[in-house]
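>>> Pasting the sequence and the predicted model now:
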Amino acid sequence: MKTVVCPGSFDPVTNGHMDIIRRASGLFDRVVVLVAANQEKRNHFTPVERKAMIEKVLAQDPSMSNVVVDLFDGLLVDYIAACGASAIVKGLRAVSDFEYEFQMAMTNHKLLPQCETIFFTPSPQNMYLSSSIVRQVGGLGGDISSFVPSCIHDEIWAKLLEEHQNMSR
Ligand code: PNS
């Protein structure tokens, strides 16, 4: 039974993330989407909101019944070791992602030598997509409907607009 972990901030989850998760679910027996803390980033959605949104998207797609979502606030390698996962799966969009992702993969491998990281290339339509693009565009009232899954579009939209309005007061 091969379990992989897809960790990330998912703040919020995008169509790009879901593409990687869907492809991982087709290759491995079990995929754990891990909503983890990135100490370098300020969060916009709470961990519980982020987990619930991913679960809502998964509930609409029976082909991803081998995917579960979990929350974790510690060191990623500790989670990997505890759940016996074979690898970390991440998307690598562009050269700009490479240094950061490479550094994390090397560090995780150093901390837990059996911990492998597998990088997926994104589908071409998601090359430019990121949670921060969604937040910037949505916060200013732009159309994010092609960036995020439709079943969570309205809650993302409402939260980003509210956050933007609170900041401009
Ligand atoms: O979506 P992100 O922000 O690129 O995801 C980064 C994340 C959450 C995977 C990374 O910050 C992480 O692994 N956080 C858990 C804490 C940890 O283990 N940090 C050391 C990573 S080398």
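Perfect, I can see it now.

>>> Please enumerate residues in contact with the longest helix along the chain?
Scanning the chain for the helix with the most residues, using DSSP state H, yields helix 150-168. With Cβ atoms under 8 Å, 6 or more residues apart in numbering as the test, helix 150-168 has contacts from 12-13, 44-45, 49, 53, 56-57, 60, 134-135, 138-141, 144-145, 148. Every residue, glycine included, has its C-beta placed from N, CA and C.

>>> Could you check how far that helix is from the centre of its chain?
18 Å (Cα atoms, centre = their mean, to the nearest Å).

>>> List the strands paired with the helix or strand I118 falls within, with their directions.
For I118, the host element (DSSP states H and E) is strand 116-120. Strand 116-120 pairs in its sheet with strand 87-91 (parallel), by DSSP bridges.

>>> what element comes up after the strand it pairs with heading to the C-terminus?
Downstream of strand 87-91 (by DSSP H and E), the next one is helix 95-111.

>>> who in the protein is up against the ligand?
Counting by Cβ under 6 Å from any ligand atom, the chain comes close to the ligand at P7, G8, S9, A36, A37, N38, K41, L75, L76, M104, T107, N108.

>>> out of these, which is most surrounded?
Most neighbours among the residues of the chain next to the ligand, by other Cβ atoms under 10 Å: P7, with 23 neighbours.

>>> Could you give the number of residues near the closest residue to it other than its chain neighbours?
Distances taken as Cβ to Cβ, 6 or more residues apart in numbering place L34 nearest to P7, at 4.3 Å, with adjacent residues excluded. Neighbour count of L34, defined by other Cβ under 10 Å: 22.

>>> quick one: the helix or strand hosting L34 to chain centroid distance?
Using DSSP H and E, L34 sits within strand 30-36. Distance of strand 30-36 from the chain centroid (Cα atoms, centre = their mean) equals 8 Å.

>>> Out of the residues of the chain next to the ligand, give me the two with the largest separation.
K41 and N108 (17.9 Å; Cβ to Cβ).

>>> List the contacts of F72.
For F72, the contacting residues are P7, L34, V35, A36, A37, Y79, by Cβ under 8 Å, 6+ apart.

>>> can you do 7 Å?
By Cβ atoms under 7 Å, 6 or more residues apart in numbering, the contact set of F72 is L34, A36, Y79.

>>> okay if I get those residues as JSON lines plus pLDDT?
Listed next are the contacts of F72 as JSON lines, based on pLDDT from 0 to 100:
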{"residue": "L34", "pLDDT": "98"}
{"residue": "A36", "pLDDT": "97"}
{"residue": "Y79", "pLDDT": "98"}
